[in-house]
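Undergrad: Model the structure of this input:
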Amino acid sequence: MFINKLIFSLFVGAVSALAFGGLAWLIGIRPDLRMKPQPAAAGVASQIDTEIAKLNVKPRTVGLTSEKAMLARTAIKRGDYGAAERAVAAMIAKSRLENWRYYPFSDFATGLADLTDPTFETKLNAWVAQDSNRAIPLLIRAQFYCDLAWFIRGGRFVSQIQARKLASFAGYMEKALADIDAAIQLDHNIPYSYFLKLRILSAEGFSEKTRQFFQEAIAKYPGYYALYDTALRVHEPKWGGSISAMYAFVDEYAGKADQYSPLKLLYVSLYRDLLDSASVVCGSASREEKGPCVTSAMQTIVKPELENKILTALQLYDHTDHFQFGFALDAILFQMFQTSGGDVYAGALLEQAAHSMHSDTQLKEEKPAHNDYMIDRAVAESWYVKGFYDNAIAKYQEALKDLDATAFPDAEARLLAIGRIYGNLAEIYERRRDYPKIIAYEKAAMTIGGATGEEYYVCYAYYQLKDYDDAVKTCTAAISGNDANMKAFYWRGQTYRDSGHRAEALQDLTRVAESEDDFRPYAAIDLSMIYFNQNDVQNALSVLNRYKYLYDPKTTDRSSVAVGYNNRCYAYMKLGELTKALDDCTNSLKYGSLPDAIRKRAELIRRISAHEGTL
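TA: Model (predicted):
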């Protein structure tokens, strides 16, 4: 069994109690849980400029796929459907099936939808009505419906999602399926259409309909790896499949493939998905128990012969395009590092991959500029998840140096690689609460590689520096680039609240609280705190009662559940509903040991006993 020593760390971390507004017995919670004294405002702007200057980032002259997607989106929103169609058609014409991806259209398609603009669907409907006999408008609307469905649903298990959201998810997926069926009927020569339909069908889990369409899709495009990878994931137990079905699927397609076929990488994808399945089985385990639980599960489900097949698959590096192989493997490794309890297995695969890619995982390389930069990046991630941030920074810097020796397929690919590394470094500096460097590296990542998905780091850092004007400005920019960026809404809401714009704060935080984002419990608590600080206990209680997930440990971390109960206990206590207050304080202590809940509970018992004694 592959072995390596890594420690998994969560992005958010443990919840810390913070007092708000002098209110006794109340606790507010924030995602920023390791706060340190803020630097003085004077000199901070200069420090940020100095950090940016060090990176020597030059203006980009290459147009990025993400920017072309934004232009197409803008054309749709203004009703210029001819321009939108030309942009999409040009990207399809430019795209090609590589060994493991359909590039660049797959990246382009996922950046088209505006998920929070209520008029966007209307514009798409008008486009489809105008060009009802053309495939492209239907394809783009199918993509929109699919993206919107998942945005509404979120990534949680069905049992953890509100019934109305599940119904909405199913409705939009039904619309997406109808559109993509019509698009394929009109034009069956767009590979991405087949991938999108398989993705839509896979939302139903392991089904005969999905299996049948998969067969149809690979008959048309037998070398489209994403089809196989998507179908493999549907075979996981959490989607209604089984471990034996996963093995049988991979043996059917990778086992019968030629020795150096890209399909051999399915064995590595299988290893990733087995790890995911083991992590799901151990989902209820505590943080300390998760690693041993996952190890025990993997020892049961990983067959000895799989490891030999993985080693054979890794030898593809010497027999295929190095960049394409590294890019595909990089995605698998990072998914494994992000799997809770999976660090041992991700680290083991990394060691084997480094050997196959003629690189090493040493912190200090014996032969500088010798490693494949993607191995450096993965090694940096392994240090990052262990919490050794200096080592992670050193390896990311090595990746930037080794990147110069890499043969990229085009200028955009090189820019995206540099941008990703700068984004990785910004995330590390977020952990270290080095706000000027967070801003510098994330801005560099955006300047070089365009959209990062982590644009909110910049406004978050400005918020922590108490530069509220720049915080609002950069949060708004992050939202305009990605309207589904709930974390940007969250930090803008925090900024509005602290700068005295109560109505705007309520609006932004409500949007987050009603989403499926993992920041939603923080937003819900913050909403209640705004009312508590106005002595509006009734509205604070209404907020705490509205968001039922605050009291559900299946969907919300235990620390946040403890805080939710604690604060509702306070609200009931202030309104004189002592029995309800006592119940909530008692429940709070089941999920945490908040001193405030302990004190309130003792006070409530005393007051209820005194009241009963007078009857």
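Undergrad: what sits against Val142?
TA: Not quite, residue 142 is Ala, not Val. Shown in contact with Ala142 (CB atoms under 8 Å, 6 or more residues apart in numbering): Lys175, Ala176, Leu177, Asp179, Ile180, Ala183, Leu196, Lys197, Ile200. Every residue, glycine included, has its C-beta placed from N, CA and C.
Undergrad: Same question for Thr339.
TA: Neighbouring residues of Thr339 by CB under 8 Å, 6+ apart: Arg272, Leu275, Asp276, Ser279, Ala346.
Undergrad: From Ser356, how far off is it?
TA: 21 Å (CB to CB, to the nearest Å).
Undergrad: follow-up on the earlier one: go through the contacts of Ala142 and single out the one with the most neighbours.
TA: Greatest neighbour count in the contacts of Ala142, by other CB atoms under 10 Å, goes to Ile180: 28 neighbours.
Undergrad: ok so that residue is a strand residue?
TA: No - using DSSP: H, G, I helix; E, B strand; the rest coil, the assignment for Ile180 is helix, not a strand.
Undergrad: Show me the shaky parts of the stretch 451-600 of the chain.
TA: Judged by pLDDT under 70, the stretch 451-600 of the chain has its weakly predicted residues at 481-483.
Undergrad: do you know how far the most centrally placed residue in the chain is from Phe105?
TA: Central residue of the chain (CA atoms, centre = their mean): Gly453, 8.5 Å from the mean position. Using CB to CB, one gets 19 Å for the distance from Gly453 to Phe105.
Undergrad: And for Arg199?
TA: Going from Arg199 to Phe105 by CB to CB gives 14 Å.
Undergrad: Repeat that for Glu307.
TA: Applying CB to CB, the value for Glu307 to Phe105 is 35 Å.
Undergrad: Ala484 now?
TA: Ala484 is 21 Å from Phe105, by CB to CB.
Undergrad: buried ones in the one helix or strand Val561 maps to?
TA: Using DSSP states H and E, the element containing Val561 is helix 558-574. Across helix 558-574, burial judged by 16 or more other CB atoms under 10 Å covers 559-574.
Undergrad: With stretch 329-348 instead?
TA: Neighbour-count burial for stretch 329-348, counted by 16+ other CB under 10 Å, picks out 329-337, 339-348.
Undergrad: Kindly report the same for stretch 179-198.
TA: By 16+ other CB under 10 Å, the buried positions in stretch 179-198 come out as 179-184, 186, 190-198.
Undergrad: Now do the end-to-end distance for that stretch.
TA: Using CA to CA, to the nearest Å, the gap from the first to the last residue of stretch 179-198 comes to 13 Å.
Undergrad: coming back round to it: tell me which of Ala484 and Phe105 has more neighbours.
TA: Just comparing Ala484 and Phe105: by other CB under 10 Å the higher neighbour count belongs to Phe105, 22 against 18.
Undergrad: Counting neighbours, what do you get for the residue nearest to that one when sequence neighbours are not counted?
TA: Among residues not flanking Phe105 along the chain, Ser95 sits closest, at 3.8 Å (CB to CB, 6 or more residues apart in numbering). A count of neighbours around Ser95, defined by other CB under 10 Å, yields 21.
Undergrad: Contacts only, for Ser95.
TA: Residues near Ser95 by CB under 8 Å, 6+ apart: Tyr102, Tyr103, Pro104, Phe105, Ser106, Phe108, Pro191, Tyr192.
Undergrad: Can you read off the pLDDT for it?
TA: On the pLDDT scale, Ser95 is placed at 97.
Undergrad: ok, now how distant is it from Pro104?
TA: To Pro104, Ser95 is 6 Å away according to CB to CB.
Undergrad: next one: Gly423
TA: Separation of Gly423 from Pro104 (CB to CB) stands at 19 Å.
Undergrad: do Ile52 as well
TA: Ile52 sits 28 Å away from Pro104, taking CB to CB as the criterion.
Undergrad: if you count what's nearby, which of these two comes out ahead?
TA: Higher neighbour count among Ile52 and Pro104: Pro104, with 21 against 18, using other CB under 10 Å.
Undergrad: Spell out which residues sit in contact with that one, please.
TA: With the criterion set at CB under 8 Å, 6+ apart, Pro104 makes contact with Thr65, Met91, Lys94, Ser95, Glu412.
Undergrad: List buried residues within these.
TA: For those, buried by 16+ other CB under 10 Å: Thr65, Met91, Ser95, Glu412.
Undergrad: Assign a three-state SS to the last one, would you?
TA: Under three-state DSSP, Glu412 falls in the helix class.
Undergrad: Do I have it right that it meets Val62?
TA: Yes - using CB atoms under 8 Å, Glu412 is in contact with Val62, at 5.6 Å.
Undergrad: Now do the strands in this protein.
TA: Assigned by DSSP state E, the strands in the chain fall at 96-97, 102-103.
Undergrad: Adding distance to Gln315 and mean neighbour count, write those strands out as a markdown table.
TA: Shown next, in a markdown table, are the strands of the chain (distance: least, CB to CB, whole Å; neighbours: other CB atoms under 10 Å):
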| stretch | distance to Gln315 | mean neighbour count |
| --- | --- | --- |
| strand 96-97 | 22 | 14 |
| strand 102-103 | 23 | 22 |
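Undergrad: Quick one, which of these gets closest to Ser593.
TA: Within these, the stretch nearest Ser593 is strand 102-103; the backing value is 51.8 Å (CB to CB).
Undergrad: Now do that closest one: which elements does it pack against?
TA: Applying 3 or more CB pairs under 8 Å, 6 or more residues apart in numbering; DSSP states H and E, one finds that strand 102-103 contacts helix 191-202.
Undergrad: what's the average pLDDT for the helix it packs on?
TA: 98.
Undergrad: Going along the chain, name the helices of the stretch 251-400 of the chain.
TA: 266-281, 287-301, 304-314, 322-337, 343-356, 373-386, 389-403 (DSSP state H, counting those that start in this stretch).
Undergrad: can you check the stretch 401-550 of the chain too?
TA: According to DSSP H, counting those that start in this stretch, the helices that the stretch 401-550 of the chain contains are 411-432, 435-449, 456-464, 468-481, 486-498, 502-513, 520-533, 537-546.
Undergrad: List the buried residues in the fifth one.
TA: Along helix 486-498, the positions that meet the burial threshold by neighbour count (16+ other CB under 10 Å) are Met486, Lys487, Ala488, Phe489, Tyr490, Trp491, Arg492, Gly493, Gln494, Thr495, Tyr496, Arg497.
Undergrad: give me the low-pLDDT residue ranges for the protein?
TA: For the chain, the ranges with pLDDT under 70 are 1-42, 365-369, 481-483, 613-615.
Undergrad: domains of it?
TA: 79-234, 459-613 (automatic domain parsing).
Undergrad: In helices, which of the contacts of Pro104 fall?
TA: Within those, residues falling in helices by DSSP state H are Thr65, Met91, Lys94, Glu412.
Undergrad: CSV for those residues, including distance to Ser296?
TA: Shown next, in CSV, are these (distance: CB to CB, whole Å):
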residue, distance to Ser296
Thr65, 43
Met91, 47
Lys94, 48
Glu412, 44
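Undergrad: Show me what the helix holding Val561 is packed up against.
TA: Looks like helix 558-574 contacts helix 520-533, helix 537-546, helix 578-591, helix 595-613 (3+ CB pairs under 8 Å, 6+ apart).
Undergrad: Which one of the ones you listed lies nearest to Lys443?
TA: Closest to Lys443 of the helices and strands packed on helix 558-574 is helix 520-533 (CB to CB; 25.1 Å).
Undergrad: Distance to Ser46 added to the helices of the stretch 251-400 of the chain, as TSV?
TA: Listed next are the helices of the stretch 251-400 of the chain as TSV, based on distance: least, CB to CB, whole Å:
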stretch	distance to Ser46
helix 266-281	45
helix 287-301	41
helix 304-314	48
helix 322-337	35
helix 343-356	39
helix 373-386	29
helix 389-403	23
